[in-house]
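1. Next input, structure requested:
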Amino acid sequence: MVVNLSEKNSLANRFVAELRDVHIQKDRMRFRRNLERLGEVMAYEISRKLNYHEKEVETPLGLAKANFPSDRIVLATILRAGIPLHQGLLSYFDDAENAFISAYRRHHKDGSFEIALEYISCPDLNDAVLILCDPMLATGASVEVAAQALKRSGTPSQVHIVTAIASRQGIDYIRRTLPKAHIWAGAIDEELTAKSYIVPGLGDAGDLAYGPKLQA
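-> Numbering: from 1, shown residues only. The predicted structure follows:
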C-alpha cells in the first residue's frame, strides 16, 4: 500500500510546500518543525491501521468506553536527517519504543555509491509494528538496507515506511524489495537525477535541519 498525502487537500500540503520553499528553508527551526508536523500527520494516518481494544475510563460522572491501540510500536529513524520526522511521530505514539540507524552514502570515483551501515540500536521487534522514517526516499536503498538490518532484532507484525518526499523510482524499489511494507509519503516526485537527487525535491534535509556537514 502506498499513500501519497499530497493527492488530497489537507494541512499536510502546506507543510510539504514550506519544506520545499527555498525562502522558508532559511529558517532551520521552521524546517525542523514542519518535518515534525508532517510526522504528526503521518502518525494519525497510521493509527487508523492499528489494532484496538476496548477499555473503560472513569470520568467524574461515571464510566465511558474507549478504544485504545493494542499494538506495540517501535519507531525507527535513519540518522541524522530523520530526527525531526521521528520526533513528530513520537509526539503521537508517545509510549513507543525507539530504534536508531546510522547509515550514509559511500560514494565511489565512478559516480556510483553504496549504503554504509555503521550502527543500530533496536529493541525486540517480534510482533511489533515497525515505523521506519527517512525524510527523503530517493533510490530507496538506505531504507531497504536499514529495514533488512532491523529484522535481525525480530519479525514485526507490520512495517510502515514514512517519508516527506519520495521519488517514483524509490517507491517502486521499496515495493519490490519490501512488498509487505506500507509506504506513507508527503509527496511523490517523478524525477531522479543521475546522482540520485529527487527533483523538484527539497534539497538535503539533514543540512537544512542542522546545518552543512562538517568536512573531514
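
2. Every contact and neighbour count from this point should use C-alpha atoms.
-> Fine.

3. so where's the chain uncertain?
-> Scanning the chain for pLDDT under 70 picks out 104-114, 213-216.

4. Would you map the helices across it?
-> With DSSP state H as the criterion, the chain has helices at 11-20, 28-47, 83-92, 141-150, 168-177, 205-210.

5. Out of these, the one nearest residue 193 is which?
-> Among these, the nearest to residue 193 by Cα to Cα is helix 168-177 (10.7 Å).

6. Name the residues of the closest one that come out as buried.
-> Within helix 168-177, the residues that count as buried by 16 or more other Cα atoms under 10 Å are 168, 169, 170, 171, 173, 174, 175.

7. do the same with stretch 55-72
-> 71, 72.

8. pretty sure residue 146 is in contact with residue 101, am I right?
-> Yes - counting by Cα atoms under 8 Å, residue 101 is a contact partner of residue 146 at 6.9 Å.

9. sorry, back to before: ranking the helices of the chain by mean neighbour count, which comes first?
-> Counting by mean count of other Cα atoms under 10 Å, helix 83-92 has the highest mean neighbour count of these, with a mean of 23.

10. and that helix, what does it pack onto?
-> helix 28-47, strand 73-79 (3 or more Cα pairs under 8 Å, 6 or more residues apart in numbering; DSSP states H and E).

11. Return the angle between stretch directions for it and helix 28-47.
-> Helix 83-92 and helix 28-47 are oriented at 50 degrees to each other (axes from the mean of the first three to the mean of the last three Cα atoms, to 10 degrees).

12. excluding its backbone neighbours, what's nearest residue 13?
-> residue 6 (5.7 Å; Cα to Cα, 6 or more residues apart in numbering).

13. thinking again about what came up before, redo the helices of the chain as JSON lines? Include distance to residue 161.
-> Listed next are those as JSON lines, based on distance: least, Cα to Cα, whole Å:
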{"stretch": "helix 11-20", "distance to residue 161": "17"}
{"stretch": "helix 28-47", "distance to residue 161": "10"}
{"stretch": "helix 83-92", "distance to residue 161": "12"}
{"stretch": "helix 141-150", "distance to residue 161": "8"}
{"stretch": "helix 168-177", "distance to residue 161": "9"}
{"stretch": "helix 205-210", "distance to residue 161": "17"}
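
14. residue contacts, the spatially most central residue of the chain?
-> In the chain, the C-alpha closest to the average C-alpha coordinate belongs to residue 133, at a distance of 2.1 Å (Cα atoms, centre = their mean). Shown in contact with residue 133 (Cα atoms under 8 Å, 6 or more residues apart in numbering): 75, 76, 77, 78, 82, 85, 86, 161, 162, 163.

15. All good on my end, thank you.
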